[in-house]
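Student: Structure for the following, please:
(3 chains)
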Amino acid sequence: MKKPSKLGEDFFHNVHEVVKLIPAGRVSTYGAIANYLGAKRSARMVGYALNGSFSLDNVPAHRVVNRLGILSGKHHFPPERPMEMALAEEGVTVIEDKVQNFEELFWDPAIELAL
DNA sequence: GCAGTGACGGATA
DNA sequence: GTATCCGCCACTG
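Tutor: The predicted model follows:
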């Protein structure tokens, strides 16, 4: 038997996997990912997991924002490459730390991966 | 084991 | 829109 815990290393890993599945030019939210992983009330854990994503190069954490489309984690990015810039490079318009056209760019794993 | 903290979300005022 | 409170769970001291 594996670890019976709902959240743990698997959760941490799953978050990275889902984030890596986000197509360029699209964005997702902590809540959506948490919901997809079955921990919709643990959106905080998603943010925590993304914090560990800095150990990896394949995790585009800049595509993950809060439900308002605000770059909540921009303060955790290196000043050399802020989220706003990374998103702009992919065609996402960001004004004052907020994703414009958020509803259209929103990518929900629970929906996109369910098809 | 307990308290504080955190890249959140929702409800309430 | 802002402020406050609660819930949820992992990490750190």
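Student: Residues in contact with stretch A:81-89: which ones?
Tutor: Here stretch A:81-89 makes contact (Cβ atoms under 8 Å, 6 or more residues apart in numbering) with A:27, A:60-63, A:65, A:71, A:73-74, A:77, A:93-94, A:97, A:99. For every residue, glycine as well, the C-beta is placed using N, CA and C.
Student: What is the nearest of those residues to DNA strand B?
Tutor: A:Gly73 (1.8 Å; Cβ to the nearest atom of the strand).
Student: Run a quick neighbour tally on that closest one.
Tutor: By the measure other Cβ atoms under 10 Å, the count of residues near A:Gly73 is 18.
Student: Next one: it relative to A:Gly38, how far apart?
Tutor: Per Cβ to Cβ, to the nearest Å, A:Gly73 is found 22 Å from A:Gly38.
Student: ok, now A:Ile70?
Tutor: For A:Ile70 relative to A:Gly38 (Cβ to Cβ), the value is 25 Å.
Student: Same drill for the two, tell me which one is more crowded.
Tutor: Legend: neighbour count by other Cβ under 10 Å for A:Ile70 and A:Gly38, higher for A:Ile70 (15 against 12).
Student: close enough to count as contact, the more buried one and A:Glu96?
Tutor: No: with contacts counted by Cβ atoms under 8 Å, A:Ile70 stays clear of A:Glu96, the gap being 9.1 Å.
Student: mind listing what A:Val15 touches?
Tutor: A:33, A:37, A:45-46, A:49-50, A:53.
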